[in-house]
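[1] can you look at this prediction? I've put the sequence above it.
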Amino acid sequence: MDEQFEFVGIKFGLDPIVGIIPVVGDLLPLIVSMYLVWVGARFKLPRHKLIAMAVNILIDYLAGLIPIAGDIFDIGVKANMRNLKILERHLNMT
């Protein structure tokens, strides 16, 4: 959702593209993003890490509700990549 495409050196994904569609464009990425939290729970991530992941998603979702500015925000702030790093760091520690 965050880095499938690159244009003039800027990586972005489907999140800002889908975000153009009112309501559905904000809910669909939210649902997809929650999958990483579910995976983290299955791998027994500590509660504080799961909360951090959920906060990343919440910030991304709330910013995405702002027309146009939210889509630009989605290009710069990559909640899914942040959450993937949290998950990877935890798995590398175990």
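    Here it is on my side, so go on. Residues are numbered from 1 along each chain as shown.

[2] contacts and neighbour counts: CA atoms only from here.
    Fine.

[3] where does pLDDT dip in the protein?
    Along the chain, the parts satisfying pLDDT under 70 run over 1-2, 94.

[4] residue boundaries of the helices in it?
    Secondary structure of the chain (DSSP state H): helices located at 14-18, 24-42, 47-64, 69-76, 79-93.

[5] and those as CSV, adding mean neighbour count?
    Shown next, in CSV, are those (neighbours: other Cα atoms under 10 Å):
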stretch, mean neighbour count
helix 14-18, 20
helix 24-42, 17
helix 47-64, 17
helix 69-76, 18
helix 79-93, 16
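
[6] count of neighbours near residue 77?
    Residue 77: 17 surrounding residues under other Cα atoms under 10 Å.

[7] show the contacting residues for it.
    Neighbour list for residue 77: residue 60 [criterion: Cα atoms under 8 Å, 6 or more residues apart in numbering].

[8] from residue 43, how far out is it?
    25 Å (Cα to Cα, to the nearest Å).

[9] please apply the same query to residue 36.
    Using Cα to Cα, we find residue 36 at a distance of 10 Å from residue 43.

[10] for residue 28, same thing?
    Per Cα to Cα, residue 28 is found 24 Å from residue 43.
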